[in-house]
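1. Could you work out the structure for the sequence below:
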Amino acid sequence: MSRKFVLGFDESDSAQAALDFAAGLARSEGAELIVAHVLEWSPYSFLTPEELEERHKRRTEELRRADTALMEPVKARLADSGLKVTTVLRYGHIAEVLCRIIEESGADEVVIGRTGSSSLTSRLFGSVAGSLAQVSPVPVTIVP
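-> Below you'll find the model as predicted:
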C-alpha cells in the first residue's frame, strides 16, 4: 500500500520549511506528496444573486493566481525530485478543508508549518496548525 502525505502550504517561510521536510519524508518512504493550498473564504448567505456571481468570478481569479504564484513554483521545485506530487487548491476554512483533502485522498499524515502567512488572524482566532492538530483524522507534523 502506497503512503500519502498532505502538505498544507502557503507562501510563508514556515511553509517552505514544511515543504522541504515533507518532500524528504515522502522521498524516504516512497510516498506520494499532495500539496494543498486553501484560500480562506466565508460563505456570505445574505448576498444577492448578483453579489454571489461577482464573488464567484473573484474566486476563480484567486484560484488562478494561487496556482500561478504558489503551486507552479512548488511543482517546478520538485520536478526533479522523483516524487509523485499532486497539488490541490480549494476554498473554505483551512483546517476543515485540509481534513476533507486528507480523507478524500486517503492520506496517512499531514505536514504543516507552525506559522502561516496570516499572523494577525492566528493571534485572534487561533493558528491553523493548532486547529488542525485538534481535528485531523491522521497524525499531524508541525514544522517550525
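
2. how close does residue 92 get to residue 5?
-> Applying CB to CB, to the nearest Å, the value for residue 92 to residue 5 is 21 Å. Using the backbone N, CA and C atoms, a C-beta is placed for each residue, glycine as well.

3. Neighbour count: the two, which is higher?
-> The neighbour comparison of residue 92 against residue 5 (other CB atoms under 10 Å) goes to residue 5, with 25 against 15.

4. packing partners for the strand or helix carrying that one?
-> Counting by DSSP states H and E, the element that carries residue 5 is strand 4-8. Where contact means 3 or more CB pairs under 8 Å, 6 or more residues apart in numbering; DSSP states H and E, strand 4-8 is packed against helix 13-29, strand 32-39, helix 94-105, strand 109-113.

5. any idea which of those is most buried?
-> Highest mean neighbour count of the helices and strands packed on strand 4-8: strand 109-113, a mean of 25 (counted as mean count of other CB atoms under 10 Å).

6. what's the angle from it to helix 13-29?
-> In terms of direction (axes from the mean of the first three to the mean of the last three CA atoms, to 10 degrees), strand 109-113 departs from helix 13-29 by 150 degrees.

7. mind exporting strand 109-113 as CSV, just the C-alpha atoms?
-> The C-alpha coordinates for strand 109-113 follow below in CSV (Å, rounded to 0.1, in the frame of the first residue of the first chain):
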residue,chain,number,x,y,z
GLU,A,109,-0.2,12.1,7.6
VAL,A,110,-0.4,15.8,7.3
VAL,A,111,2.5,18.2,7.5
ILE,A,112,2.1,22.0,8.1
GLY,A,113,4.3,24.9,9.0
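
8. what's the angle from it to strand 32-39?
-> Using the same axes, to 10 degrees: strand 109-113 against strand 32-39 is 50 degrees.
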